[in-house]
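>>> I would like the atomic coordinates for the input below:
(chains A and B)
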Amino acid sequence: MSTGLRTINVKARTGTARTGGARRPFSVTRPRKSVAMTLLMVLFLVYALVPIIWLVVNATKTQGDLFSTFGLSFGHSFALWDNVVATLTHDDGIFLRWLGNTLLYVVVGAGGATFLATLAGYGLAKFRFPGRGAYFAVVLGAVAVPGTALAVPTFLLFSQIGLTNTPWSIIIPSLISPFGLYLIWVYTIDSVPTELLEAARLDGAGEMRTFFTISIRLLAPGIVTVALFSVVATWNNYFLPLIMLTDPDWYPLTVGLNQWSAQAAGVAAEPIFNLVVTGSLITIVPIVVIFLLLQRFWQSGLSAGSVKQ
Amino acid sequence: MTRSVRTTRTKAAAALAAAAITALTFAGCSAGAAPAAEAPAGSPADLDAALEEGGDLTYWTWTPSGEAQADAFMEEYPNVTVDVVNAGTATDEYTKLQNAIKAGSGAPDVAQIEYYALQQFVLSDSLLDLSGYGLGDLEDQYTPSTWSAVTADDAVYGLPQDSGPMVLLYNKEIFDEHDLEVPATWDDYVAAGEKLHAADPEKYITTDAGDPGFAQPLIWQAGGRPYQTDGTNVTVDLQDEGTKLWADTWNQLLEPGLLADIPTWSDDWWKALSDGTVATIVTGAWMPGILEGSVPDGAGKWRVAPLPSYDGSATTAENGGSAQSVIKQSKNPALAAAFLRWLNSSEESVDVFLDNGGFPATTAHLTSPEFLAEEPEYFGGQKINEVLVDASENVAPGWQYLPFQVYANSVFPDTVGAAYTDKSDLNAGLQAWQEQVVTYGSSQGFSVNE
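Now for the predicted structure:
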């Protein structure tokens, strides 16, 4: 629907431009070429890619090569496979356990966050009830508070009810996503016509049925976007598990890798930088794959509500 | 690059310390009354009874041999189950330990704590006095410096796991290539540093980007005793004669840029050890095992020498090392103490520890002919343990750490570290450090004298 409208606009604009003179006009779809902008983008590209290239290249090195060869060139040996095997088997395969933990936190935490944000955002957008304005203000305010600032109070709270050092201490805080709620709210207003809901009510559908059979389909792109945000946030969650968990058996990958890295220091130092590098590479692969597969939803979600129709 | 790494680390350390501070605020105020008054609980007979009866224990450690030691223990005492948890290395663990102690639950029965941090936990009344269980009788088994680190008056707050008498490791290949003599005094050392860097500007005598775990043992060796603690009375003098002696000596290396600006334990540091950027490491006796295990490129190149001195004497100091302690929160303190006794004094356990390259604190192992006769190939067949054990017998007595040393160390990079960054007078940095330490101590309820 929205793309259709936009195409018409573009056509209309190029049309008027053409009548104006011989110069080829510029438009959103055929922008003016700019050397400066292209260079700037190349710079950004390099900036974004170099660390990833470094990671891939160095995951192929033994620890000896890591210390003795140049960072952006390959080492004397190609040890990627050995490194992967060593990463997965080091310390009785604790890395796989961390991977499993991360998946658990992502599926339950991010999944739950998406579900709750969808319910609440939809409800706020489509129903009138007392206290709605106040509720919404609180949610908007919560968007501005970074999770890191809440980590310590949350820790003290959880330790009083005995939940620290359990998976719940990671999952429960991850369930709350004010930003996701806000996004769904915006998206609902845009893409779920109230008339449609009224029609469904007239036909005798209950609110729950309307939501799960009609609205949720219309909201799908928005839900995927929120899910993406939550998955990325939970996958990369570091500070909260760092202070909540003491038992490495419950660590997610982020904290676990940091522990491996810290192992290189002190009296009983046992550096395993090659495993830290390879582990980091393995850690980002799933998130990159998810991102590439779902990026069209991400883009549409970001622009939700940006054009008045 | 190097600098930004350090700043991040500094900030991380400060953040961790901040988390620990909350726990300590409470501790400082009640320090005077708590630990000394009550009589230590238990009797020696309790330990064997507890082992017989069995139970579950949690043990926090980052020692690589921790798991293997616990396995050996459980084989010998099948009724006991020990859950070994790596809750983080050093300060990471202390933060979690402080948090668990403050929260009132979640602390382990037995935990590894470095000597420098032990006083802090004693003062917050977090550790069990083991003298009631008769563990004070084990005194003769340990070197005097490690024993004094775990005791206060008659109270025993842990048993030493390892020790780190300071020595000099040097890369013989570089020394031969540049025709350097193994330095006997710090003056020789400075001269060697000048000669090496002049001959090859890519090479440095050693790395030092400012590390309190390194500076303090050297101050100790120089005769400095900047901290004196008596209950809640703390004296801090980071400009006493010995401290100044160290700073003046080290200035001669720092100011002309003869020290490589590479933070200890960073990946760059490991790299520098591998590729021959640094010619010597001033370090504890546990370092040879680490070098052999983790720097394969150095095989055959490194040798061990006594620490250079100021006056030609053999005086040295302790660098690093840990004890294990029983946390007061433990629900089964007798069993925890029994495990600890086995862990750090039994032949079986210490053997496992030594097999993993650790350096012992037990005199029986330090003086065993077998240990002394070892000739590791990595060190060119040198009888390195002779040098290391000799160092352990020459540790200067009388050193004390602050009862809030973990915090003090965390602000070292902001104060003394600034002198390192500017390559300027270390004494100025030490004075800035002193100021912060005194302010903090006073705010925690200590009466601090300068």
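>>> got the domain boundaries for chain B?
Using automatic domain parsing, the domain ranges for chain B come out as B:31-163+B:322-360, B:166-317+B:398-449.
>>> in a markdown table: those, plus mean pLDDT and mean neighbour count.
To be clear about C-beta, it is placed using only N, CA and C from the backbone, and glycine gets the same treatment. Below are these laid out as a markdown table (pLDDT from 0 to 100; neighbours: other Cβ atoms under 10 Å in any protein chain shown):
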| stretch | mean pLDDT | mean neighbour count |
| --- | --- | --- |
| domain B:31-163+B:322-360 | 89 | 21 |
| domain B:166-317+B:398-449 | 94 | 20 |
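>>> could you dump those into CSV with distance to A:Leu43 added?
Formatted as CSV, those follow (distance: least, Cβ to Cβ, whole Å):
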stretch, distance to A:Leu43
domain B:31-163+B:322-360, 37
domain B:166-317+B:398-449, 27
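>>> can I get those domains in JSON lines with distance to chain A?
Listed next are these as JSON lines, based on distance: least, Cβ to the nearest Cβ, whole Å:
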{"stretch": "domain B:31-163+B:322-360", "distance to chain A": "4"}
{"stretch": "domain B:166-317+B:398-449", "distance to chain A": "4"}
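>>> and A:Asp203, which of these is closest to it?
domain B:31-163+B:322-360 (55.5 Å; Cβ to Cβ).
>>> for A:Gln309, give me the pLDDT.
On pLDDT, A:Gln309 comes in at 49.
>>> quickly find the element holding the closest residue to chain A within the stretch 301-450 of chain B.
Across the stretch 301-450 of chain B, the shortest distance to chain A (Cβ to the nearest Cβ) belongs to B:Gly320, at 4.4 Å. Per DSSP states H and E: B:Gly320 is located in neither a helix nor a strand.
>>> same question for the one 4 residues further on.
B:Gln324 is part of strand B:322-326 when elements are defined by DSSP H and E.
>>> show me which residues of the stretch 151-300 of chain A sit near chain B.
Taking Cβ under 8 Å from any Cβ of the partner chain as the criterion, the stretch 151-300 of chain A approaches chain B at residues A:152, A:155-156, A:159-160, A:162, A:164-165, A:243, A:246-248, A:259, A:262-271, A:273.
>>> at 7 Å what do you get?
With Cβ under 7 Å from any Cβ of the partner chain as the criterion, the stretch 151-300 of chain A meets chain B at residues A:159, A:162, A:164-165, A:246-248, A:259, A:262-271, A:273.
>>> which of the residues you listed are buried? Put it as a PyMOL command.
Here is the PyMOL command that selects the buried residues among these (16 or more other Cβ atoms under 10 Å in any protein chain shown):
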select buried, chain A and resi 159+164+165+246+248+259+262+263+264+265+266+267+268+269+270+271+273
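>>> how about the helices in the stretch 1-150 of chain A?
A:2-20, A:35-58, A:63-68, A:80-104, A:111-126, A:132-144, A:147-160 (DSSP state H, counting those that start in this stretch).
>>> looks like the residue of the stretch 301-450 of chain B closest to chain A contacts A:Val267 (just checking).
Yes: if you go by Cβ atoms under 7 Å, B:Gly320 and A:Val267 touch, sitting 4.4 Å apart.
>>> what do these two both touch?
With contacts defined as Cβ atoms under 7 Å, 6 or more residues apart in numbering or on different chains, the residues shared by B:Gly320 and A:Val267 are B:Gly164, B:Gly284, B:Trp286.
>>> need the residues you listed in a markdown table with secondary structure and distance to B:Ala192, can you?
Below are those laid out as a markdown table (DSSP: H, G, I helix; E, B strand; the rest coil; distance: Cβ to Cβ, whole Å):
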| residue | secondary structure | distance to B:Ala192 |
| --- | --- | --- |
| B:Gly164 | coil | 23 |
| B:Gly284 | strand | 21 |
| B:Trp286 | coil | 24 |
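>>> could I get those residues in TSV, plus columns for distance to A:Phe239?
Putting the shared contacts of B:Gly320 and A:Val267 into TSV (distance: Cβ to Cβ, whole Å) gives the following:
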residue	distance to A:Phe239
B:Gly164	32
B:Gly284	32
B:Trp286	32
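>>> what's the closest of those residues to B:Ala428?
Nearest to B:Ala428 among these, with distances taken as Cβ to Cβ, is B:Gly284, at 27.9 Å.
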